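**Student:** Let's see this in three dimensions:
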Amino acid sequence: MNNSISFPTNNLDYVNSSANNLFERASRPNWRSLLPARFRAADQALPILTHESTDNVDKAETTTRRVVLSQVCGSVSSARGEDFDTNFRPVRKHLKDRWVRVAQACFQQKVLPPVNLVQIADNYYVVDGHHRVSVAKSLGHDEILANVTCC
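**Tutor:** Model (predicted):
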């Protein structure tokens, strides 16, 4: 008889279940959205960085470093701005498959590539890696590895 206790962190079923549960929690409307409209501010989509702000990106130098997730506040993609809210919570169900795959990789402690960000003053805007930012915030991470281009 085997009396040992094992934690199923490498068990694929556990990883799949955990990633799906995390998506359901992350995509669930927050409590403010349940209030009548007159008692809450309008639901806000992810802020979009204007093209005028990114005109010098091609000429700027890119560095790889850790970025505080609370400073990642928007996107350079108008399409992605509709997919995530201001806290990078997924707001559309079509994001689930990709989002869950990223979460599964995190649960399995796989190394993911750095996200690509543009820095304007103290704020960062996502060029590539919206799902990775969303999952990292949902997991409560404080920082994320990023390729940062300063404007």
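**Student:** Spatially nearest residue to the residue nearest the centre of the chain, not counting backbone neighbours?
**Tutor:** Taking C-alpha atoms, centre = their mean, the centroid of the chain lies closest to residue 134, which sits 1.6 Å from it. With C-beta to C-beta, 6 or more residues apart in numbering as the criterion, residue 134 has its nearest non-adjacent residue at 4.3 Å, and that residue is residue 88. To be clear about C-beta, it is placed using only N, CA and C from the backbone, and glycine gets the same treatment.
**Student:** Tell me the secondary structure at that neighbour.
**Tutor:** Using DSSP: H, G, I helix; E, B strand; the rest coil, the structure places residue 88 in coil.
**Student:** so it touches residue 141, yeah?
**Tutor:** No: with contact defined as C-beta atoms under 8 Å, residue 88 does not reach residue 141; the gap is 11.5 Å.
**Student:** The two: which is more packed in?
**Tutor:** The residue with more neighbours, out of residue 88 and residue 141 and counting by other C-beta atoms under 10 Å, is residue 88; that gives 26 against 12.
**Student:** do you know how far the more buried one is from residue 136?
**Tutor:** Residue 88 sits 9 Å away from residue 136, going by C-beta to C-beta, to the nearest Å.
**Student:** now residue 73
**Tutor:** Here the distance between residue 73 and residue 136 works out to 14 Å (C-beta to C-beta).
**Student:** which of these two has more neighbours?
**Tutor:** The residue with more neighbours, out of residue 73 and residue 136, is residue 136; 23 against 18, by other C-beta under 10 Å.
**Student:** I am finished for the moment; much appreciated.
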